[in-house]
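Chemist: Here is my input; please provide its structure:
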Amino acid sequence: MAKVSSQDLGTQPIGKLLIKQAVPASIGILVMSLNILVDTIFVGQWIGSIAIAAINVVLPVSFFIAALGMAIGIGGSSIISRALGADNIKKARITFGNQITLTLLVTVTMVILGLWFINGIIPAFGGKGAILEPATIYYRIVLYGVPFLALCMMGNTVIRAEGKPKFAMYAMMIPSVGNLLLDYVFINVFDWGMAGAAWATTGSYLLCFAFILWFFLSKHSELKLLKCHFSLKKHIVSEIGSLGFVTLSRQAVVSITYLFMNNILFDLGGETSVTAYAIVGRMLMFALFPVYGITQGFLPIAGFNYGASKFNRVRKTIITAILYASGLATLVFVLLMVFPEAITRLFTKDENVILETPSAMRWVFAATPIIAIQLIGAAYFQAVGKAIPALLLTLTRQGFFFIPLILILPKFYGEIGVWISFPIADVLSTIVTAIFLHREVKLKLLTTVP
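Modeler: Reported below is the predicted structural model:
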């Protein structure tokens, strides 16, 4: 493999560079999403539809703790991208060392608390009735591996900030493939049921961690660390925290959304509705992988060129990313509108779930063609270190619009009120983001001489 330099982010043509960054990111997200998707199919077919609902209850808790690592990773990687753009390798290394220390301190503490309060957390997130027992089994085992997942999510963003998207892709592919193999062995061969699904997931986190550790110890990484780099620096921690808080807030709102959705849907339609939401949620993770890949590819390019004061390149990167992502989002929209029932049948044989899920899926993805503006717009402010607008735009869709909508509309329209909240929130948040982004481009990227 030819050596890739972070300086390429400031010199190569934007279209070519975005594809070069986005394709590996998309493939990595695709494989990771396929892992979640196939894992859910295996669980649904080999254990039962209740097991799908049980995993859906646990995900927001485990992912929130893991998202602490992602938040520290993205917050620090914004600093690293700009530091590399300004040719300040010392600051980049100190930042990375601080990221590792912070991730370990925060996630291990959260896991201990999560296990201590297990009996209250599971029911609060919708683990009721027949869902409670399998959710508890899955939760306890998966939490043991969450600190490793957090380190993986943090390290992956740093690899991308270095301009090494292929290695970031490998880091996402290895645990995904490993999880599927372990699923087959632990669930189908050993017949461990929910415990097998949980140990397969935890084992996949360990595989990912091993690869990322190898990368940073190898010659491929520019961020060679000394013991002194792990000592926390107040100004670095503060900047990581302010930017990482954007990602953490987004995941916190996602977790709160799961809490409300699981409980509201359980009250309206029982285990069947919770399972329908779990299937739709998996499709939200899987179907939009190319759009998320472009967003991931966009971040280091925008951050590096902003740090190098190449504002024309930043502006072109925004436009190109929105165009590419919108085209792919539209293709996803068409496929999901045409084949929702066939997709649902991949997950379960439960006819009640098959009857309910396609309509829900169509509503949830109804505004998909326009979401690229919201994703790229929010990512821009995070990439260039503007924490407050990044935070506000990140919270706009789910925090400011979606959660209030799902608390209000079901009172008037029942379960359909839950599903129509998705496209309404998408449209409103896209409008707000477009206004912020247009003003930023006009005031900063057009008036400043590159």
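Chemist: So for stretch 211-223, mean pLDDT?
Modeler: For stretch 211-223, mean pLDDT is 87.
Chemist: In PDB, please show the C-alpha coordinates belonging to it.
Modeler: The C-alpha trace of stretch 211-223 is given here as PDB (Å, rounded to 0.1, in the frame of the first residue of the first chain):
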ATOM      1  CA  PHE A 211      -6.300  -4.200  15.200                       C
ATOM      2  CA  ILE A 212      -6.400  -0.500  16.200                       C
ATOM      3  CA  LEU A 213      -3.700  -1.100  18.800                       C
ATOM      4  CA  TRP A 214      -1.500  -2.700  16.100                       C
ATOM      5  CA  PHE A 215      -2.100   0.300  13.800                       C
ATOM      6  CA  PHE A 216      -0.900   2.900  16.300                       C
ATOM      7  CA  LEU A 217       2.100   0.800  17.300                       C
ATOM      8  CA  SER A 218       3.100   0.300  13.600                       C
ATOM      9  CA  LYS A 219       4.900   2.500  11.100                       C
ATOM     10  CA  HIS A 220       1.600   3.500   9.500                       C
ATOM     11  CA  SER A 221       0.700   6.100  12.200                       C
ATOM     12  CA  GLU A 222       2.300   9.500  12.400                       C
ATOM     13  CA  LEU A 223       1.100   9.800  16.100                       C
END
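Chemist: Could you list the buried residues of it?
Modeler: Of the residues in stretch 211-223, those buried under the neighbour-count criterion (16 or more other C-beta atoms under 10 Å) are Phe211, Ile212, Phe215, Phe216, His220, Ser221, Glu222, Leu223. No exception for glycine: its C-beta is placed from N, CA and C like everyone else's.
Chemist: now do stretch 218-238
Modeler: Neighbour counts over stretch 218-238 (16+ other C-beta under 10 Å) mark His220, Ser221, Glu222, Leu223, His229, Phe230, Ile236, Val237 as buried.
Chemist: ok, these vs Lys442, which is closest?
Modeler: Closest approach to Lys442 among the buried residues of stretch 218-238 (C-beta to C-beta): Ile236, at 32.1 Å.
Chemist: Relative to Thr295, how far out is the residue nearest to the closest one when sequence neighbours are not counted?
Modeler: Once flanking residues are discounted, Ile236 sits nearest to Asn98: 4.9 Å by C-beta to C-beta, 6 or more residues apart in numbering. Counting by C-beta to C-beta, to the nearest Å, the gap from Asn98 to Thr295 is 25 Å.
Chemist: cool, and Gly97?
Modeler: Gly97 is 27 Å from Thr295, by C-beta to C-beta.
Chemist: can you check Ile159 too?
Modeler: As judged by C-beta to C-beta, Ile159 and Thr295 stand 16 Å apart.
Chemist: Got the confidence number for Gly97?
Modeler: 90.
Chemist: Run a quick check on Ala51 versus Gln45, I expect a contact.
Modeler: No - between Ala51 and Gln45 there is no contact, the gap being 9.8 Å when judged by C-beta atoms under 8 Å.
Chemist: The two: which is more packed in?
Modeler: More crowded of Ala51 and Gln45, by other C-beta atoms under 10 Å: Ala51, with 26 against 17.
Chemist: any idea which element that one lies in?
Modeler: Assigned by DSSP states H and E, Ala51 belongs to helix 49-85.
Chemist: in the chain, what secondary structure element scores lowest on mean pLDDT?
Modeler: The helix or strand of the chain with the lowest confidence, counting by mean pLDDT, DSSP states H and E, is helix 14-46 at a mean of 76.
Chemist: Go through stretch 169-188 and flag the buried ones.
Modeler: Neighbour-count burial for stretch 169-188, counted by 16+ other C-beta under 10 Å, picks out 169-176, 178-180, 182-184, 186-187.
Chemist: just curious, which of the residues you listed is nearest to Thr107?
Modeler: Pro175 (16.7 Å).
Chemist: just checking, that closest one touches Cys152?
Modeler: Yes - Pro175 lies in contact with Cys152 (C-beta under 8 Å); the separation is 7.4 Å.
Chemist: tell me, how many neighbours does the residue nearest to Gly414 when sequence neighbours are not counted end up with?
Modeler: Leaving aside its chain neighbours, Gly414 sits nearest to Leu268 (6.4 Å; criterion: C-beta to C-beta, 6+ apart). For Leu268, the count of nearby residues is 16 (other C-beta under 10 Å).
Chemist: State the three-state secondary structure for Gly203.
Modeler: helix (DSSP: H, G, I helix; E, B strand; the rest coil).
Chemist: and if you look at Leu223?
Modeler: Of the three states, Leu223 takes coil under three-state DSSP.
Chemist: Can we start the residue count at 47 from this point?
Modeler: Yep, numbering from 47; the last one is Leu269 now.
Chemist: re earlier: how far does the least confident helix or strand of the chain sit from its chain's centre?
Modeler: How far helix 60-92 lies from its chain's middle: 11 Å, per C-alpha atoms, centre = their mean, to the nearest Å.
Chemist: by contact count, what packs against it?
Modeler: Counting contacts by 3 or more C-beta pairs under 8 Å, 6 or more residues apart in numbering; DSSP states H and E, helix 60-92 packs against helix 95-131, helix 211-229, helix 239-263, helix 280-333, helix 335-353, helix 357-384, helix 386-393.
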